[in-house]
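Colleague: here are the coordinates; sequence isn't available:
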């Protein structure tokens, strides 16, 4: 696989940025600094990173309630994200969306939705728009195993398949829809096998191997750009935390969670980069430190940013 | 001026807007080649604009409305055809939590120029799954504009404005006006009607009657009969329920002192309820009789013509309500 050194290093940095952001969010949420609900992405970093490493700024993504990783991987700024989580005026959505709804259309982030599977038809519409406008933009639609059992999965993928839309469905199969294990919710071992029902390619890969994700999504993106239609990439991964922060996590054993943490995609990639001679331990440590500083500054930015004026509640309903 | 039908007026509006703006396209079930939508409002457009811009879909309401949203936020101006308005329940989440909320939740950084076109209204014995209007339900969704025309003139001018809106609009086509072959005069030249401007369909001095779509025609028929009894009603057609031309209604109430609202939907949670509340809140001192709502009962819409007739507001029910407050 021909990936430039810079790109590999950038992918490592993105993964560390996601993890560091998320673990800080957990801490700040526990301290009562972040209102509402948060759903963190720790453990799944390889999926967003590997997928988005194939995208241009003008390509589109749709994201989910567990969306911070997608946003960072697509080029989102951690300070404006953190400010949004804090409900501040400087946040990406001016404090009107919060953790579950961050959008930045200028860099192709068409928004996270906290309604499971809502992004599937929306991403399809963006892909349709790209096709109708005669561009070669591609849409990547992130969703989980839970979304794969909804109406929109069928309606959205079917419609995209008949119109050969430039879209890639990236399924983050973390094996649980809230508390419900996939083994209970589906009668098949691999969601990717559903691709056959739509006559599109489907592949199941190790979602904790960032290079495997990069390669599989890369092929699917190239196919979409060539006008050959949608693909489905199922990335098997696992989440470190509960469904949301505060989840008592009673439906998973300690052993299972420990096992998940042993599959941590970040040290795995770091080790590989060092073996490949792309990074030294020292260089990797330096990246970790730089990211730590970035996230400290993001929190500081969020803390010091002004709150929106209460009357701003009344703005932005209509254009 | 020229005389055209309600359906032709809708067709002309879509045709003109598609010609004017290449980002306008239609997405929906059976909108294209064969039917031009089940009642034919898009007839001829497939031949003129082709399958790229008149996009037939499988039966997939969530993919239609969700797809329209994705296209709208990335530079297109879709018309999402959701056949019967009852089917909005199928894509209810798209309507309630995404189409009408994404702009707000994203801090105002996107525009959502989607027009939903849908058949509304009872009177054709289609039972509850193909007969509702749900004005009140739609009014309770912040972020949505609601157009409900009663004449060919309004149908065309308002639809052109709806398509040009940078906000989501639901455009309700009353099927009894389509099937009744309602005709009316429109100008030869291009025109639009702004959203949020009511029209006084008949001037009067004794009672203000606010009526919506088909009910406008029933109110006008009742007006003639009431005139014979010496009662003069003023018939106000709000034309759009959001934005609602409150001032036109209040101005009329200031003149008449009495208000009846004729609205083809169950009374509880109806548009009539909202209009009543607005007038009670903002023009109470001008009222010299209780506000009356001529609505349907709080039941589903029945099938059998005799039951459906009982369910629908009509001239007799309006005349009775008006007479009671005189």
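Modeller: Received it, and whenever you're ready, just let me know what you need. This one's a predicted model, so the numbers in the text were calculated from it and none came from an experiment. Numbering: from 1, shown residues only, chains lettered A, B, ... in the order given.

Colleague: which SS state does residue A:55 fall under?
Modeller: coil (DSSP: H, G, I helix; E, B strand; the rest coil).

Colleague: Quick check: residues of the stretch 151-300 of chain B near chain A?
Modeller: Listed as neighbours of chain A in the stretch 151-300 of chain B under the rule Cβ under 8 Å from any Cβ of the partner chain: B:166-167. In short, each C-beta sits where N, CA and C put it, glycine included.

Colleague: do you know how far the most centrally placed residue in chain B is from chain A?
Modeller: Taking Cα atoms, centre = their mean, the centroid of chain B lies closest to residue B:148, which sits 1.6 Å from it. Separation of residue B:148 from chain A (Cβ to the nearest Cβ, to the nearest Å): 18 Å.

Colleague: What score does that residue have for pLDDT?
Modeller: Per-residue pLDDT puts residue B:148 at 98.

Colleague: now residue A:56
Modeller: pLDDT, residue A:56: 98.

Colleague: check contacts around it.
Modeller: Going by Cβ atoms under 8 Å, 6 or more residues apart in numbering or on different chains, residue A:56 touches A:108, A:137.

Colleague: Around residue 51, how many other residues sit close by?
Modeller: Assuming you mean chain A. The burial count assigned to residue A:51 is 30, neighbours taken as other Cβ atoms under 10 Å in any protein chain shown.

Colleague: that answer is for a different chain, and I need it for chain B
Modeller: By other Cβ under 10 Å, 10 other residues sit near residue B:51.

Colleague: That one contacts residue B:26, doesn't it?
Modeller: No. Judged on Cβ atoms under 8 Å, residue B:51 makes no contact with residue B:26 at a distance of 10.5 Å.

Colleague: What ranges does the stretch 51-200 of chain A have for its helices?
Modeller: Counting by DSSP state H, counting those that start in this stretch, the stretch 51-200 of chain A has helices at residues A:68-73, A:78-85, A:119-132, A:151-162, A:182-185.

Colleague: cool, and the stretch 51-200 of chain B?
Modeller: Taking DSSP H, counting those that start in this stretch as the test, the helices found in the stretch 51-200 of chain B are B:61-72, B:92-93, B:102-105, B:135-139, B:152-164, B:175-179.

Colleague: how close does the most centrally placed residue in chain A get to residue A:210?
Modeller: In chain A, the C-alpha nearest the mean C-alpha coordinate belongs to residue A:70, at 2.8 Å (Cα atoms, centre = their mean). Remark: distance between residue A:70 and residue A:210 (Cβ to Cβ, to the nearest Å) = 14 Å.

Colleague: Now do the strands in the chain.
Modeller: As the question left the chain open, I've gone with chain A. A:60-63, A:109-112, A:139-144, A:167-173, A:176-177, A:180-181, A:202-206, A:231-236 (DSSP state E).

Colleague: um, chain B though
Modeller: B:2-5, B:24-28, B:54-56, B:77-84, B:115-120, B:145-147, B:169-174, B:183-186, B:199-202, B:207-211, B:233-237, B:240-242, B:259-266, B:292-296.

Colleague: Tell me which of those sits most buried.
Modeller: Comparing the strands of chain B by mean neighbour count (mean count of other Cβ atoms under 10 Å in any protein chain shown), strand B:207-211 comes out on top with a mean of 29.

Colleague: In its sheet, which strands sit next to that one, and in what direction?
Modeller: Here strand B:207-211 has these sheet partners by DSSP bridges: strand B:233-237 (parallel), strand B:259-266 (parallel).

Colleague: Helix B:152-164 and the shortest one, what's the angle between them?
Modeller: For the pair strand B:233-237 and helix B:152-164, the angle between their directions (axes from the mean of the first three to the mean of the last three Cα atoms, to 10 degrees) equals 30 degrees.
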